[in-house]
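Asks: Prediction below, plus the sequence it came from.
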Amino acid sequence: MPGRPKERGVQSGRSSWHTVFKVPVYPTPEQAELMEKTFGCCRYLWNHMLSDVQEFYAATDVHYLPTPARYKKGAPFLKEVDSQALCAVHQSLRKAYLDFFRNPKVFQYPKPKTKKARKESFTVYSRPYHTGPSIRLTDAGLQMPKLGLLRVRLYRKPLHWWSLRSVTITKTKTGKYFCSITFGYETKTPEPVSPTPERTVGLNYSMARFYVDSNGDSPELPPQMAAAREKLARMQSRLSRMQRGSKNYEAQLQRVRLQYEHIANQRRDFAHQQSRRIANAWDAVCVRSADLNAMARQLQGGNVLDAGFGMFRTFLRYKLERQGKQYIDVDPYAPAAKTCHACGGVNGQLPPRARTWVCPHCGAQLIRDENTARNIRDLGLADLSRRSGAA
Ligand SMILES: [Zn+2]
């Protein structure tokens, strides 16, 4: 997944980007053993740092994050794994705290990691040594410190001017190993596109239709997504009738996990296709930023499309920005649903589930989702002209 431009230390007229390849990796038994050790060490370090921060804070009212080196004396097994992986734990815990302090409404307070987590992972950053970078991708495979040469399967080759920045090794609950290889590179900053109202679209999230745009259009939902979810439900109900801990139960549990993975992959593919289509078709896209209700629904595991929409938003933003186009965040609490697009009057009496309504001020017949999407577009355009007026 490519990322947003970072402006630090980049020549003017050029932006820096990154791209991630996530590919299967096939470790030897020895490599798998070292990976398991590294997962464990990273978890150990994260949890100990976290509790030390909390103890230190309780005693002094100051947040202080100790360095990994401090832990090696009490836990010599930490020396057996790549110290770069331990440094990365320190960095990600530091980031988790910074995110939480800056935006406690969105980011949770860092939590301890358990062995039962959805997946295990560790990250190693490549270091420039005088003998060359510490991580190298060659025709033979991925050369990593401590782990040695890893057998990976690449679906495409990185371009020759990309530089390898980091590798994250993960293991899923179903026992598959993956590595995410992050490459950084600089390119010419795209010419900014100035959007016109005709070339701007508003999208309203819809639980049933993924989104409805300001022209009333929605994406086609692939039938295999619904079929995969129905299959999962059947598999889960079978699982619930089995004897917990029995051999059959374990086999069925593995099938359920594989089906979960399959659904997550479908959802990501769908988010990629839809964001690509929209980013190519329009010059500016207005979307409401995530509101707390949607996040609460997601935490409850509620609607299946919710999680996909957050991902879609992220993909859409970078796909637009890479073309010099605009992604416009609209305030999720602006009364977009209750405002009549035709006259601007607000209908305070609008029932929450009404799909169509008649404006009490001008008599316009309105389709709820489409009207909301038009208001989102107009709110976004107003925001854009305010910003360009101020500049
Ligand atoms: Zn009206």
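Replies: Here it is on my side, so go on.
Asks: mind giving me the domain split of this protein?
Replies: What automatic domain parsing lists as the domains of the chain is 14-188, 197-390.
Asks: Mean pLDDT and mean neighbour count added to the ones you listed, as CSV?
Replies: (Each C-beta comes from the backbone N, C-alpha and C, glycine too.) Listed next are these as CSV, based on pLDDT from 0 to 100; neighbours: other Cβ atoms under 10 Å:
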stretch, mean pLDDT, mean neighbour count
domain 14-188, 90, 15
domain 197-390, 89, 16
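Asks: Ok, which of these comes nearest the ion?
Replies: Across the domains of the chain, the ion has its closest neighbour in domain 197-390 (3.1 Å, Cβ to the ion).
Asks: From the chain's centroid, how far away is the closest one?
Replies: Distance of domain 197-390 from its chain centroid, counting by Cα atoms, centre = their mean, to the nearest Å, is 15 Å.
Asks: do it and the ion meet at all?
Replies: Yes - Domain 197-390 reaches the ion (Cβ under 5 Å from the ion) through 340, 342-343, 345, 359, 361-362, 364.
Asks: Which parts of the stretch 51-200 of the chain are strands?
Replies: Taking DSSP state E, counting those that start in this stretch as the test, the strands found in the stretch 51-200 of the chain are 119-125, 128-129, 132-133, 136-138, 141-144, 148-152, 163-172, 177-188, 200-206.
Asks: quick one, what contacts Tyr177?
Replies: 24-27, 32, 35, 169-171 (Cβ atoms under 8 Å, 6 or more residues apart in numbering).
Asks: go with 7 Å
Replies: Listed by Cβ atoms under 7 Å, 6 or more residues apart in numbering, the contact partners of Tyr177 are 24-25, 27, 169, 171.
Asks: before we move on, back to that, using TSV, lay out the residues of domain 197-390 next to the ion together with secondary structure.
Replies: Output for the residues of domain 197-390 next to the ion, formatted as TSV (DSSP: H, G, I helix; E, B strand; the rest coil):
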residue	secondary structure
Cys340	coil
Ala342	coil
Cys343	coil
Gly345	coil
Cys359	coil
His361	coil
Cys362	coil
Ala364	coil
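Asks: could you dump those residues to TSV with distance to Arg277?
Replies: Putting those into TSV (distance: Cβ to Cβ, whole Å) gives the following:
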residue	distance to Arg277
Cys340	29
Ala342	29
Cys343	32
Gly345	34
Cys359	32
His361	36
Cys362	34
Ala364	30
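Asks: Provide the backbone phi and psi angles at Thr19.
Replies: The phi/psi pair for Thr19 (degrees, to the nearest 10) reads phi -130, psi 140.
Asks: coming back round to it: of the contacts of Tyr177, list those near the ion.
Replies: Near the ion, by the rule Cβ under 5 Å from the ion, you find none of those.
Asks: Export those as CSV, with columns for distance to Ser16.
Replies: Formatted as CSV, the contacts of Tyr177 follow (distance: Cβ to Cβ, whole Å):
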residue, distance to Ser16
Pro24, 28
Val25, 27
Pro27, 32
Ile169, 25
Lys171, 30
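Asks: ok, so of the residues you listed, who is nearest Gly13?
Replies: The closest of these to Gly13 turns out to be Ile169 (Cβ to Cβ; 36.4 Å).
Asks: Any idea what the closest residue to that closest one other than its chain neighbours is bridged to?
Replies: Using Cβ to Cβ, 6 or more residues apart in numbering and skipping residues adjacent in sequence, the residue nearest Ile169 is Cys179, 5.2 Å away. Beta-bridge partners recorded for Cys179 (DSSP bridges): Val23, Ile169.
Asks: which residues does Cys179 contact?
Replies: Cys179 touches 23, 25, 142, 152, 167-169, counting by Cβ under 7 Å, 6+ apart.
Asks: again, 8 Å this time
Replies: With contact set as Cβ under 8 Å, 6+ apart, Cys179 has these partners: 22-23, 25, 142, 150, 152, 167-170.
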